[in-house]
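> Any chance you can model this:
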Amino acid sequence: MSITISHRHCPSGLRLLYGSLILGAAATVAACGSSSSSGTGASSSHSAAASTSPSAAVTISAKSVPGFGTVLVNGQGQTLYMLTSEKGGKITCSDDNGCTKVWPDTELPKGVTAATAGSGIQPSLLGTVKDASGSLYVTYHGWPLYTFSGDSGPGTVKGQGITNFGGTWYVLSTSGNPVTSSHPQSGTSPSASSGGGGNGY
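Numbers count the residues shown, from 1 in each chain. Model (predicted):
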């Protein structure tokens, strides 16, 4: 009886409206639930990516190069040089005088305090020197280390004997001493090669 009376006083249009409202509310709850769970997933994957950032390292090794013997190289096999004006770790090759554009320095990434000793070198000779800005640069036997922009790749030594930026550039032996013999692989003399990039130094 009560059901019949209820049907009489509740027009079919009103019943449809109630039904629509209930369905709409259910859809909204479902949508909120799914958006909430996907948001949590995105957040966790972002934090996972952030926590897996690798820490970079600088490796110094030794390699035999024809005409020069066994000399220092970096982790990519590029020949490393020292500048005679930087004896005792005094940095004269800097970004300010344009030197590092020709002779890229061996700077440690932020948070890394020492280079890794590769094969053939004496780990005790590895060190660092700090510049005015507080950045750390790798040294070997007190000499800050550089590559040369004119070297085409591993095994090339075209920077040997070039004089500019206040000194002369030489490769380093594993004992930490400059190898002063000049056997440029390019076929040109060091003095001829030094004409570019000197900027009056």
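
> C-alpha only now, for contacts and for neighbours.
Noted.

> any idea how the chain splits into domains?
The record's domain parsing of the chain by automatic domain parsing lists 2-48, 59-193.

> May I have the distance across stretch 141-148, first residue to last?
One end of stretch 141-148 sits 20 Å from the other (C-alpha to C-alpha, to the nearest Å).

> nope, stretch 120-137 is what I was after
By C-alpha to C-alpha, the extent of stretch 120-137 from end to end equals 21 Å.

> residues making contact with that stretch?
Under the contact criterion C-alpha atoms under 8 Å, 6 or more residues apart in numbering, stretch 120-137 has outside partners 60-63, 72, 89, 91, 105-108, 110, 113-115, 117, 138-142, 144-145, 174-176.

> which stretches of the chain form strands?
Counting by DSSP state E, the chain has strands at residues 59-65, 69-74, 81-83, 116-117, 126-130, 136-140, 143-144, 163-164, 167-172, 178-179.

> Figure out which of the ones you listed is closest to G153.
Closest approach to G153 among the strands of the chain is made by strand 69-74 (11.1 Å; C-alpha to C-alpha).

> Let me see the residues that make contact with the closest one.
Contacts of strand 69-74 from elsewhere in the structure, counted by C-alpha under 8 Å, 6+ apart, are 58-65, 79-81, 121, 171-174.

> Am I right that V102 is in contact with F148?
Yes - using C-alpha atoms under 8 Å, V102 makes contact with F148 at a distance of 6.3 Å.

> Between the two, tell me which one has more neighbours.
Neighbours were counted for V102 and for F148 using other C-alpha atoms under 10 Å; F148 has more, 23 against 17.

> Spatially, and excluding backbone neighbours, which residue is closest to the more buried one.
Sequence neighbours aside, W103 is the residue nearest to F148 in space, at 4.7 Å (criterion: C-alpha to C-alpha, 6 or more residues apart in numbering).

> Tell me which residues touch that neighbour, please.
C93, Y146, T147, F148, S149.

> The second one - nearest residue in space that isn't next to it in sequence?
Setting aside the residues directly before and after it, Y146 is nearest to D105 in space (C-alpha to C-alpha, 6+ apart), at 4.5 Å.
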